[in-house]
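Chemist: Sequence first, predicted model second:
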Amino acid sequence: MNGPALQDRPSAAASWRIALPHTAAAVPVARALVRTALAELEHAADSDTAELLTAELVANAVEHTAGNGPIELVVELLPSGCQVEVHDPDPAPPGNLTKPSVKDPDPWQEHGRGLLLIRALSSSCGHRPTSSGKAVWFRLPVVPAQRKPT
């Protein structure tokens, strides 16, 4: 058979939801959850990209929101790919997530590239208000299986 078969993909959404500490320790936990979720599928979104973008969202939530209450990670596996959301208590929109910045980030600065990476590497991204703050999300498409040389 050439390419992924429909039965290899999840027929319905599968999702994981976890509360994470409002500390830098949340980043590796979030990466591990995304890696584990995507490893369950033979044909899934690119795990490395999903981990990187998840780490950016979680790090931004930890760094740019006040308080010490938990943040929440939601991972949804869909037939078309995956969606990752990070919920935090701050209702303010996340910088220039959905519109390009007027100027490029300073190459000598340590910060300022996270939202650029999310915009560039995801198939779509955005944010929405929630009853307790906001959710920032990205989507990645399913990566087709690679053909093996015969």
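Modeler: Now that the structure is in, tell me what you want to look at. Values in this document were obtained by computation on a predicted structure and should not be read as measured data. Numbering: from 1, shown residues only.

Chemist: Give me the nearest residue to residue 30, chain neighbours excluded.
Modeler: Nearest residue to residue 30 in three dimensions, chain neighbours excluded: residue 58, at 4.5 Å (CB to CB, 6 or more residues apart in numbering). Glycine gets a C-beta too; all of them are placed from N, C-alpha and C.

Chemist: what helix or strand is the one you found on?
Modeler: Assessed by DSSP states H and E, residue 58 sits inside helix 47-64.

Chemist: Just grab the bridge partners of residue 82 for me.
Modeler: With DSSP bridges applied, residue 82 shows beta-bridge pairing to residue 77, residue 140.

Chemist: how big is the angle separating the helix or strand of the chain with the lowest mean pLDDT from helix 47-64?
Modeler: Ranked by mean pLDDT, DSSP states H and E, the helix or strand of the chain with the weakest confidence is helix 114-121, at a mean of 87. With axes from the mean of the first three to the mean of the last three CA atoms, to 10 degrees as the basis, helix 114-121 and helix 47-64 are set at 150 degrees to each other.

Chemist: what comes up buried for helix 114-121?
Modeler: If you call a residue buried by 16 or more other CB atoms under 10 Å, then helix 114-121 has these buried ones: 114, 115, 116, 118, 119, 121.

Chemist: Could you pull out the strands in the chain for me?
Modeler: Secondary structure of the chain by DSSP state E: the strands cover 14-20, 71-78, 81-88, 124-130, 133-141.

Chemist: so of those, which one's packed in deepest?
Modeler: Comparing these by mean neighbour count (mean count of other CB atoms under 10 Å), strand 81-88 comes out on top with a mean of 24.

Chemist: Show the average pLDDT along that one.
Modeler: The predicted model gives strand 81-88 an average pLDDT of 95.

Chemist: what does that strand contact?
Modeler: Here strand 81-88 makes contact (CB atoms under 8 Å, 6 or more residues apart in numbering) with 30, 34, 37-38, 44-45, 50, 53-54, 57-58, 60-61, 65, 71-76, 123, 130, 132-142.
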